[in-house]
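dropping a prediction and its sequence here:
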Amino acid sequence: MATIRYYLRTKTANSKIQVQLSISRELKLRTSTDLVINYVDWSSDTNLPKQNNPENKILTKQLRELSNYLLNEYNSDFTTGVIFDTNWLKEKLNKQFNRVDEKVNDNIFLNYLIGFIDFKKSIASYTDCTIRKLNNLKDRFDAYEKKKKKHYLIEDISGKILIDFKNYLIVDCGLMESTATRFIKNFKTVIFDARNNGKQIHHQITGFSAGNTNSEYKVFLSFKEIGKIKDIVTLNEDWNKAKDWLVLGCYLGQRASDLLRMNKRMIYTKTDSEGSSFRFLEMTQQKTGEKVVIPLHDEVENILKKYDGDFPPMFATNSGSNSALFNRHIKKICELAGIHDMVKGKVYNENTKKNEIVETEKCKLVSSHVCRRSFATNFYGNKMFTTPQIMAITGHKSEHMFLQYIGRTADDWAMQTAKTFKEISNQKIS
């Protein structure tokens with residue numbers, strides 16, 4: 001069943017009211033009505049103007065009339081086999097308000113991308129990280145178009161153009177291949193959204209592979225290395241706090257942005273049907289907005305006891321500085337723990353001003369993200385835990401994403417299968 005929803009594009013005194021016609025889960029048409037309102041007069045509960053003055057009441061009446069008109073037009077056109085896309089919606093708005101189209105061609109990829117970003121900003125589920133990635137894509141592709149001296153229509157963007165754009169990101173912009181690949185994956189996401197909104201896309205895009213962003217160089221700390229870190233004795237207070245936060249992170253499985261804001265108020269106790277009590281930490285991940293519930297490992301409980309049931313103190317009051325100091329201190333902690341194995345990883349080159357893959361001591365490659373990856377990798381290797389159990393804590397949406405995250409390869413799967421075959425053979429013999 002088709003539905004209409006209104007929302008604001010910006011929070012200003014003259015915010016444009018946007019309209020979305022949802023035809024199905026996959027097909028949602030959206031554009032601006034060009035009607036404006038002060039955002040303080042907008043109700044987020046009703047998605048309509050507040051009824052606090054005569055002007056808003058008139059505006060509400062206009063929007064309700066528009067909704068009825070669009071739904072009637074949809075029902076009428078549906079029976080005739082009309083193709084529903086954003087152009088159809090704009091034409092209906094122009095007809096309803098007796099105005100001339102502004103001739104903004106959202107068949108041009110950059111125009112569509114700008115509208116896509118605006119829509120993402122308007123919905124509650126968007127994250128700052130998502131908007132930042134999309135804005136980066138907009139800026140990079142805008143620069144690419146200027147180099148090519150042309151605008152690209154959505155339907156003209158082929159696999160060849162995506163490959164050329166990826167090469168541009170690597171050669172001209174100096175990005176690593178894995179970073180360029182992420183740009184292409186975000187690019188495809190926008191194109192598929194355009195297709196869902198009735199746009200024609202190039203036939204090569206559906207089967208086009210952007211490549212693998214899964215770098216082979218996954219840095220994590222084994223249980224043995226975590227044990228070495230626990231045994232460190234130092235008089236430096238910040239290093240001691242960093243050591244405890246690092247161990248906590250390896251057993252809690254969260255990003256630094258979530259780890260370093262944990263506190264005892266997030267902890268609760270639950271008793272099962274047999275009367276056994278267990279302690280959990282519940283929080284909402286900042287990046288994804290997903291709620292995670294984490295059982296507290298004994299290693300976590302031991303550290304909490306050191307701080308009277310709470311987490312270690314912060315390094316700074318500012319979250320950005322706190323994270324930066326944590327990153328700096330844990331490199332020193334791993335150095336003191338003797339974690340000097342030579343491994344390959346990504347290191348920033350001050351001379352070239354870009355990341356490079358080099359072979360260096362593992363302690364130099366450790367960053368705050370080692371916590372989440374160590375948790376995922378170590379517990380994935382334990383047969384007592386299922387993959388969904390671990391994913392429920394790390395917050396991964398799919399097993400495919402999870403396995404890419406920990407860096408499982410075809411060789412890993414082959415070895416795991418070979419070991420299983422051997423276990424089965426041994427069972428038959430015994």
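Looks like it arrived, so ask away. Note that the coordinates shown come from a computational prediction; the quantities given were computed from them, not determined experimentally.

any buried residues in the biggest strand by length in the chain, and which?
Determined from DSSP state E, the single longest strand within the chain is strand 28-37. Along strand 28-37, the positions that meet the burial threshold by neighbour count (16 or more other C-beta atoms under 10 Å) are 28, 29, 30, 31, 32, 33, 35, 36, 37. Every residue, glycine included, has its C-beta placed from N, CA and C.

and the fifth one, how far from residue 15?
This means residue 32. Here the distance between residue 32 and residue 15 works out to 10 Å (C-beta to C-beta, to the nearest Å).

poorly predicted segments of the chain, please.
Applying pLDDT under 70 to the predicted model, the residue ranges of the chain that meet it are 99-104, 124-126, 211-216, 353, 408-421, 423-424, 428-430.

okay, now the domains of it?
By the record's domain assignment, the chain is partitioned as 3-97, 109-196, 223-412 (automatic domain parsing).

which of those sits closest to residue 210?
Judged by C-beta to C-beta, the one of the domains of the chain that comes nearest to residue 210 is domain 109-196, at 3.8 Å.

SS state for residue 261?
With DSSP: H, G, I helix; E, B strand; the rest coil as the basis, the three-state label of residue 261 is coil.

just how off-centre is the lengthiest helix in the chain within its chain?
Ranked by residue count under DSSP state H, the longest helix found in the chain is helix 54-78. Offset of helix 54-78 from its chain centre (C-alpha atoms, centre = their mean, to the nearest Å): 35 Å.

now do it against strand 28-37, angle only.
Computed with axes from the mean of the first three to the mean of the last three C-alpha atoms, to 10 degrees, the direction of helix 54-78 lies at 160 degrees from that of strand 28-37.

which strands and helices sit next to helix 54-78?
Helix 54-78 sits against strand 3-8, strand 15-22, strand 28-37, strand 48-49, helix 86-97, with contacts defined as 3 or more C-beta pairs under 8 Å, 6 or more residues apart in numbering; DSSP states H and E.

so what's residue 332 closest to, chain neighbours aside?
Closest residue in space to residue 332, ignoring its immediate chain neighbours: residue 239 at 6.2 Å, by C-beta to C-beta, 6 or more residues apart in numbering.

how about residue 335?
The shortest distance from residue 335 to any residue other than its chain neighbours is 4.4 Å, reached at residue 363 (C-beta to C-beta, 6+ apart).

dihedrals phi and psi, the one you found?
The main-chain torsion angles of residue 363 are listed as degrees, to the nearest 10 and equal phi -60, psi -30.

tell me how far it lies from residue 160.
Here residue 363 is placed at a distance of 44 Å from residue 160 (C-beta to C-beta).

return the residues in contact with residue 238.
315, 325, 329 (C-beta atoms under 8 Å, 6 or more residues apart in numbering).

any idea which helix or strand comes after the strand or helix carrying the last one?
Read it as residue 329. Using DSSP states H and E, the element containing residue 329 is helix 319-336. With elements assigned by DSSP H and E, the helix or strand that comes after helix 319-336 is strand 342-349.

given the helix or strand following that following strand, what are its sheet partners and their directions?
Stepping forward along the backbone from strand 342-349, the first helix or strand reached (DSSP H and E) is strand 354-361. Paired neighbours of strand 354-361 in the sheet (DSSP bridges): strand 342-349 (antiparallel).

three-state assignment of residue 282?
Local secondary structure at residue 282 is given as strand here, using three-state DSSP.

these two touch, right, it and residue 269?
No: with contacts counted by C-beta atoms under 8 Å, residue 282 stays clear of residue 269, the gap being 11.6 Å.

test my guess that residue 234 contacts residue 336.
Yes: between residue 234 and residue 336 a contact is recorded at 6.7 Å, counting by C-beta under 8 Å.

neighbour-wise, which of the two wins?
Between residue 234 and residue 336, residue 336 has the larger neighbour count (other C-beta atoms under 10 Å), namely 18 against 13.

much appreciated, bye for now.
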